[in-house]
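Asker: Curious how this folds, go ahead:
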Amino acid sequence: MIEPKVFLAKVSKGDDGKYAITDGTTKNVMTDFDGVFYQAADGVEAIGQPRVYTEEYPESNELSVYFPEKTTLKATDFTLKLYFIAPDDKEGNEAIDCIINSYHSFVNYLQGSLILYWDNVRKRKLLLALTESVKPSTTSVLEGREYLAVSFKFKNVFGKSFALDDETELPLIELS
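Answerer: Coordinates of the predicted model:
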């Protein structure tokens, strides 16, 4: 089984209308944030509702449908579920402090920018916006270690994912 690697990068839209990764913002979620472990990513393969215009007329028994030149999709929901776990050598309040500091560092990273998500399992990328409040579960103990389980809820801006090498809307991603 492949060990999942999840990456995030802050993204901005240039004057030319193209998205680009902001220099120095690419992060491997599990190695660049202390004590973060990946649980799940829901919504990578979701595809949003197509934006089409429809009309119904009383004198017709069929729906009139108008398709735009370029079909666009409504945004979809994406949830990234992570555990924030204290290091083995920390206990009690010291362990909780480590968890809380890592959690707040991660939340601060996500705020105020579009986020590009990709992973090495599905090999897909998504443009995300953190649009919902973040409500972690209470700090718990599992096998003697304190942890915090958190679900981060985003909107997938394009309503679909893209292959890593697809440069039509988002920057090229190469897995290393």
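Asker: tell me the contacts of the nearest residue to V157 once chain neighbours are set aside?
Answerer: Among residues not flanking V157 along the chain, L127 sits closest, at 4.3 Å (CB to CB, 6 or more residues apart in numbering). For the C-beta atoms, the positions are set from N, CA and C on the backbone; glycine is no exception. By CB atoms under 8 Å, 6 or more residues apart in numbering, the contact list for L127 reads V11, Y19, L114, I115, L116, N156, V157, F158, E169, L170.
Asker: secondary structure class for L127?
Answerer: Taking DSSP: H, G, I helix; E, B strand; the rest coil as the rule, one finds L127 in the strand state.
Asker: what about V121, distance to L164?
Answerer: Separation of V121 from L164 (CB to CB, to the nearest Å): 12 Å.
Asker: If you count surrounding residues, which of the two has more?
Answerer: Applying other CB atoms under 10 Å to V121 and L164 shows that L164 carries more neighbours, namely 19 against 15.
Asker: if I read this right, V36 contacts K81, doesn't it?
Answerer: No - counting by CB atoms under 8 Å, K81 is not a contact partner of V36; they are 11.2 Å apart.
Asker: the more surrounded of the two?
Answerer: Higher neighbour count among V36 and K81: V36, with 22 against 15, using other CB under 10 Å.
Asker: Same list (the contacts of L127) but as TSV, adding pLDDT and neighbour count.
Answerer: Shown next, in TSV, are the contacts of L127 (pLDDT from 0 to 100; neighbours: other CB atoms under 10 Å):
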residue	pLDDT	neighbour count
V11	95	19
Y19	91	15
L114	96	17
I115	97	23
L116	97	23
N156	97	23
V157	96	22
F158	96	20
E169	84	14
L170	84	23
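Asker: what's the farthest-apart pair in those residues?
Answerer: Greatest spatial distance among those (CB to CB): I115 and E169, at 14.8 Å.
Asker: Give the buried residues for the strand or helix carrying A9.
Answerer: Taking DSSP states H and E as the definition, A9 sits inside strand 6-13. Neighbour counts over strand 6-13 (16 or more other CB atoms under 10 Å) mark V6, F7, L8, A9, K10, V11 as buried.
Asker: just the residues you listed now: which is nearest S105?
Answerer: When the buried residues of strand 6-13 are ranked by distance to S105 (CB to CB), L8 comes first, at 12.7 Å.
Asker: So the closest one versus L128, what's the distance?
Answerer: L8 is 8 Å from L128, by CB to CB.
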